[in-house]
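Chemist: Fold the following for me, if possible:
(one chain, ligands or ions: 1)
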Amino acid sequence: MTREHTFNFSAGPSMLPIEVLQTASAELVNYRDSGMSVMEMSHRSKIFQGIFDETKAKFKAALNVPDTHEILFLQGGASQQFSAVPLNLLGDKDTADYAVTGNFASIAAKEGARYCKVNVAASSAEKNYSYIPRQEELKLNPDAAYFYYCANNTIYGTEWNYVPETGSVPLVCDMSSNILTKPVDVSRYGVIFAGAQKNMAPAGLTVVVVDKALAGKERPYTPLMLSYELEIKKDSMYNTPPCYNIYLLGLVLNWLEEKGGVKAMETIKSAKAALLYDFLDQSSLFIGCAERDSRSDMNVTFRTGSEELDAEFVKGATALGLLNLKGHRVAGGMRASIYNAMPVEGVEKLVAFMKDFEVKHHA
Ligand SMILES: *Cc1c(COP(=O)(O)O)cnc(C)c1O
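Modeler: Below you'll find the predicted structure:
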């Protein structure tokens, strides 16, 4: 299979812009006449510090991060933040609110329950996580240390289309699968975190944006490596940061800027998702899994109703270079992940194949 003829719909790790891979490839062995690969540089060197500072500045500009918030480039994945959040934010409180709208929010709530009383402010588990609760449905506890939610449910294909209003309770958000796809009012959040491998860079980098006013009240037994206060003080370099991934994030942010930034991404991602959802809405074969007003623009989940047909669809798509359309094992069916790096042509090709498949398999 040639790279030019494939579109990778993987949920993560997922596609990176081809231009980014080409630049990385050209700079791989000898980074800008330094005589070294970025992989070989000391993280304390001036040249790497330059890459780090530039990437951080570009991220700050891309997401319009205010000076009240610090940007951290850490390891450990989004999952490590499931532990870091309660350990850093509980302070002397003993309860936190969680909206359980999917697999990762559910895991985060279970992890939170190891450290405090978890109030399930809302859950869509009873309908197989097919919807996002409305603001009026949230059972908020005013004594909660924070309100936790996952902005986009990667496995079930649902996405919050509003920012929860929680009064003075800080908002914590897992944005792993929709960060940098639309403008965000960062000032409304206590903590935003995201594993890089969905929409930013290869796996191994986790971006955390934290309101500096919330740092410094971690539980005394918090591992040093999870301390926001320490990482803020050390500018993400208490130990070796994921250097090469930070460099790649910088390249992705250059690409993003050239494409018009998060505002342009918002227009493009809405158009790409609409191509798929408009087709699903009139299809006589395919069924969308998520409720309409909760649909994700990032992960479009659908099925035929027959497991054999689903498998045949995935096989046929793969043969055409439309890769990784099989749904997550807990959800079944199909899932098309269409993050920033997925070109419109990829989605158009997918819809064309779905039309063909429908004609062939449905009288
Ligand atoms: C992929 C994903 C995770 C898990 O990320 P890791 O970096 O593997 O820990 C968590 N939350 C969401 C929303 C995800 O999509």
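Chemist: in the stretch 151-300 of the chain, which spans are strands?
Modeler: Assigned by DSSP state E, counting those that start in this stretch, the stretch 151-300 of the chain shows strands spanning 152-153, 158-159, 171-174, 191-195, 206-211, 287-288, 299-303.
Chemist: Export those strands to JSON lines and append columns for mean pLDDT and mean neighbour count.
Modeler: Where C-beta positions appear, they are placed from N, C-alpha and C, glycine not excepted. Output for these, formatted as JSON lines (pLDDT from 0 to 100; neighbours: other CB atoms under 10 Å):
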{"stretch": "strand 152-153", "mean pLDDT": "98", "mean neighbour count": "30"}
{"stretch": "strand 158-159", "mean pLDDT": "98", "mean neighbour count": "25"}
{"stretch": "strand 171-174", "mean pLDDT": "98", "mean neighbour count": "25"}
{"stretch": "strand 191-195", "mean pLDDT": "98", "mean neighbour count": "26"}
{"stretch": "strand 206-211", "mean pLDDT": "98", "mean neighbour count": "24"}
{"stretch": "strand 287-288", "mean pLDDT": "96", "mean neighbour count": "16"}
{"stretch": "strand 299-303", "mean pLDDT": "98", "mean neighbour count": "26"}
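Chemist: Show me the one of those that comes nearest the ligand.
Modeler: In terms of CB to the nearest ligand atom, the element of the strands of the stretch 151-300 of the chain nearest to the ligand is strand 191-195, at 2.8 Å.
Chemist: ok, residues contacting that closest one?
Modeler: Contact with strand 191-195 is made by 12, 77-79, 81, 85, 88-89, 146, 170-177, 179, 184, 186, 200, 203, 205-211, 214, 228, as judged by CB atoms under 8 Å, 6 or more residues apart in numbering.
Chemist: and the angle from that strand to strand 206-211?
Modeler: With axes from the mean of the first three to the mean of the last three CA atoms, to 10 degrees defining the directions, strand 191-195 sits at 170 degrees from strand 206-211.
Chemist: Can you tell me the strand partners of strand 191-195 and which way each runs?
Modeler: Here strand 191-195 has these sheet partners by DSSP bridges: strand 171-174 (parallel), strand 206-211 (antiparallel).
Chemist: in stretch 217-230, what counts as buried?
Modeler: Buried positions in stretch 217-230, judged by neighbour count with 16 or more other CB atoms under 10 Å: 218, 219, 222, 226, 227, 228, 229, 230.
Chemist: ranges for the helices of the stretch 201-350 of the chain?
Modeler: For the stretch 201-350 of the chain, applying DSSP state H, counting those that start in this stretch gives helices covering 228-233, 243-258, 261-282, 307-319, 344-361.
Chemist: tell me which parts of the stretch 1-150 of the chain are close to the ligand?
Modeler: For the stretch 1-150 of the chain, the residues in contact with the ligand (CB under 6 Å from any ligand atom) are 12, 77, 78, 79, 104, 150.
Chemist: Kindly reformat those as TSV containing pLDDT and secondary structure.
Modeler: Output for these, formatted as TSV (pLDDT from 0 to 100; DSSP: H, G, I helix; E, B strand; the rest coil):
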residue	pLDDT	secondary structure
12	96	coil
77	98	helix
78	98	helix
79	98	helix
104	98	helix
150	98	strand
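Chemist: Among those residues, which one has the most neighbours?
Modeler: residue 150 (30 neighbours; other CB atoms under 10 Å).
Chemist: mind listing what's buried in stretch 82-91?
Modeler: The neighbour-count check on stretch 82-91 (16+ other CB under 10 Å) flags 82, 83, 84, 85, 86, 87, 88, 89, 90 as buried.
Chemist: Compute the number of surrounding residues for residue 342.
Modeler: Neighbours of residue 342 using other CB under 10 Å come to 22.
Chemist: Which residues are in contact with the closest residue to it other than its chain neighbours?
Modeler: Closest residue in space to residue 342, ignoring its immediate chain neighbours: residue 15 at 5.8 Å, by CB to CB, 6 or more residues apart in numbering. Residue 15 makes contacts with 7, 8, 339, 341, 342, as judged by CB under 8 Å, 6+ apart.
Chemist: Need the pLDDT of the first one.
Modeler: Looking back up the chat, that one is residue 7. Listed pLDDT for residue 7 reads 97.
Chemist: Ok, residue 283 next?
Modeler: Reported pLDDT for residue 283: 97.
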